[in-house]
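show me the folded form of this:
(one chain, ligands or ions: 2)
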Amino acid sequence: MKLVSRSEWGAAAPTGSYSRITSTRGVKIHYEGSPVPGGLLGDHGQCAGHVRDIQRAHLNDPNEDWIDIAYSFVVCPHGYVHEGRGLGRRNGANGNPALNAGHYAVCAMVGTSGITSPTGAMLDGLVDAIEYCRAQGGAGGEVRGHRDGYATTCPGDELYGWIQRGAPRPSGGGGGGEPPQPSGQGAGTYTVQPGETLSGLAGRFETSVTQLVTLNGIADPDVIQAGQQLQVPAPPFPGREHFVLGAHSPYAKQLQTWLQAAGWGPPYRVGPSEDMESLDLRKVAALQEYYVGDLGPADGLTGPLTWLYAYQTAHGLRGR
Ligand SMILES: [Zn+2]
Ligand SMILES: [Zn+2]
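Ligands and ions are numbered 1, 2, ... in the order given. Below you'll find the model as predicted:
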């Protein structure tokens, strides 16, 4: 990892004392959400100055009581990881003290103009920072976006899509996403029925034709034959917070649609909705009860494996 310490980038001293933390559930990814000078792209020599600008802006923010740069780390387009508040200290960027204690905050130098997309080196630097937080800062396996659990567009659609794909390194090497948890790949095998096309299957399985082609190595996307076995990926798990009682999001409706399709638990009177209600938790518990060896205890709470099983049972990808 290319770590740039506070003294190396010329940090000002904090104006107050930090709250100490010993562990977090993981890392949240941010972007700047404001113009980021495009001139940084060709000149790493300017990156330290840009981090100093961020710190100065945070210290002078009239709406926040920040004692320092709010982020734990800031990653530049060249993949250097600049130490913000660093490890073992609560950040100020995730939205409130509980969210700040829950995840480290790693910011990419991406914004609304100038640099608007992450570079490959930047994505590598983000994964370096995530791994560093885990190895030495007590961070758990979660990789989330600022928008998870807080009303913001941060970290922008492009970085958020990358997180949803498991925060992979551009080289395809080990990703920053939750290590052993099942997500995108290998959700199940599907046998092609007569008359089915790849694009039709992509819609049915809520995946993309590109993903299906990549997984199965098919040269021409539309040439598939009845009887052929396809590997079908599952949508990435969006995070446990979307499935607790009272949560509201499109993910809730997606999960409920699968539970309904597979017939778990008591039937809906109206149908799936974007709200997690007690009936939804009973349906989840019914699924968990059936596969109690894998998914138990049947507490009705949805983690990555329950999400995967709900998807698989709704699409005939898992035996029962
Ligand atoms: Zn943010
Ligand atoms: Zn740089």
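
run through the residues that contact the residue nearest to Leu259 when sequence neighbours are not counted.
Take Leu259 and drop its neighbours on the chain: the residue closest to it by C-beta to C-beta, 6 or more residues apart in numbering is Lys283, 4.4 Å away. In this view, the C-beta of every residue, glycine as well, is placed from N, C-alpha and C. The contact partners of Lys283, taken as C-beta atoms under 8 Å, 6 or more residues apart in numbering, are 256, 259-260, 264-266.

could you identify the helix or strand that succeeds the helix or strand where Ser199 lies?
Element membership of Ser199 [criterion: DSSP states H and E] is helix 198-204. With elements assigned by DSSP H and E, the helix or strand that comes after helix 198-204 is helix 209-216.

that next one - contacts with which helices or strands?
helix 198-204, strand 229-232 (3 or more C-beta pairs under 8 Å, 6 or more residues apart in numbering; DSSP states H and E).

coming back round to it: from the middle of its chain, how far away would the helix holding Ser199 be?
25 Å (C-alpha atoms, centre = their mean, to the nearest Å).

can you point out the buried residues in it?
198, 201-202 (16 or more other C-beta atoms under 10 Å).

for it, name the packing helices and strands.
By 3+ C-beta pairs under 8 Å, 6+ apart, helix 198-204 packs against helix 209-216.

quick one: the helix it packs on to chain centroid distance?
That offset, for helix 209-216, works out to 21 Å (C-alpha atoms, centre = their mean).

same question for stretch 194-209.
On C-alpha atoms, centre = their mean, the centre of stretch 194-209 falls 25 Å from that of its chain.

now the terminal residues of it, how far apart.
18 Å (C-alpha to C-alpha, to the nearest Å).

now stretch 216-230
6 Å.

kindly report the same for stretch 25-37.
32 Å.

would that stretch count as contacting ligand 1?
Yes - among the residues of stretch 25-37, His30 lie within reach of ligand 1 under C-beta under 5 Å from the ion.

what about that stretch, average pLDDT?
Average pLDDT, stretch 25-37: 96.

tell me how far it lies from the chain's centre.
With C-alpha atoms, centre = their mean, you get 13 Å for stretch 25-37.

check whether it contacts ligand 2.
No - Stretch 25-37 is not in contact with ligand 2 by C-beta under 5 Å from the ion; minimum separation 11.4 Å.

and that stretch, what's buried?
25-33, 36-37.

can you tell me which of the residues you listed end up in strands?
25-31 (DSSP state E).

give me phi/psi at Ala108?
phi -100, psi 140 (degrees, to the nearest 10).

which residues touch it?
Contacts of Ala108 by C-beta under 8 Å, 6+ apart are 29-32, 74-75, 118, 122, 126, 155, 159.

low pLDDT regions in the protein?
172-186, 219-222 (pLDDT under 70).

what residues does it put near ligand 1?
So the chain meets ligand 1 at 30, 146, 154 (C-beta under 5 Å from the ion).

nearest to ligand 2, of the residues you listed?
His30 (16.9 Å; C-beta to the ion).

ok, that closest one to Ala70 distance?
9 Å (C-beta to C-beta, to the nearest Å).

need the overlap of contacts for the two.
93, 105.

for the stretch 201-320 of the chain, what spans make up the helices?
In the stretch 201-320 of the chain, the helices defined using DSSP state H, counting those that start in this stretch lie at 209-216, 250-262, 278-290, 292-295, 304-314.

report how many residues lie close to Pro14.
16 (other C-beta atoms under 10 Å).

dump the residue contacts of it.
Going by C-beta under 8 Å, 6+ apart, the list of residues near Pro14 reads 67-68.
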